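Asker: no sequence on this one, just coordinates:
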């Protein structure tokens, strides 16, 4: 089995995901813990909470984009 990781294809996407990660950590009140302990010392639960909230935000963003695109297209 190959060891594949999901990685952003664009460098801009990588930077945007990093910003989103830190935005979510602020919202969850974990930013101070990360600054104090570092990412390597975060619990699995904390990291999962951050990742789960990132996914929720990305889904909400994608839904808004889909609605915006659907409503801005001329009728066919």
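Answerer: Perfect, I can see it now. Worth saying up front: this structure is predicted, and the values here are computed from it rather than measured.
Asker: pull the longest helix from this structure.
Answerer: As assigned by DSSP state H, the longest helix anywhere in the chain is helix 44-72.
Asker: Which other helices and strands does that one contact?
Answerer: Applying 3 or more Cβ pairs under 8 Å, 6 or more residues apart in numbering; DSSP states H and E, we find helix 44-72 packed against helix 11-28. C-beta here means a position set from N, CA and C on the backbone, and glycine is covered the same way.
Asker: follow-up on the earlier one: and the angle for the longest helix of the chain with helix 11-28?
Answerer: If you take axes from the mean of the first three to the mean of the last three Cα atoms, to 10 degrees, helix 44-72 sits at 120 degrees to helix 11-28.
Asker: Quick check: residue 30 touching residue 46?
Answerer: Yes. In this structure, residue 30 is within contact of residue 46 by Cβ atoms under 8 Å, at 6.1 Å.
Asker: Where does pLDDT dip in this protein?
Answerer: 1-4, 73-76 (pLDDT under 70).
Asker: For the residue positioned nearest the centre of it, list the residues it contacts.
Answerer: With distances taken as Cα atoms, centre = their mean, residue 54 lies nearest the centre of the chain, 3.4 Å away. Applying Cβ atoms under 8 Å, 6 or more residues apart in numbering, we find residue 54 in contact with 17, 20-21, 24.
Asker: As a markdown table, those with distance to residue 60 and neighbour count would be great.
Answerer: A markdown table is the format used below for the contacts of residue 54 (distance: Cβ to Cβ, whole Å; neighbours: other Cβ atoms under 10 Å):
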| residue | distance to residue 60 | neighbour count |
| --- | --- | --- |
| 17 | 15 | 14 |
| 20 | 12 | 16 |
| 21 | 16 | 16 |
| 24 | 12 | 20 |
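Asker: so which of those comes closest to residue 6?
Answerer: For these, the closest approach to residue 6 (Cβ to Cβ) belongs to residue 17, at 10.5 Å.
Asker: from what I can see that closest one touches residue 8, true?
Answerer: Yes. Residue 17 lies in contact with residue 8 (Cβ under 8 Å); the separation is 6.1 Å.
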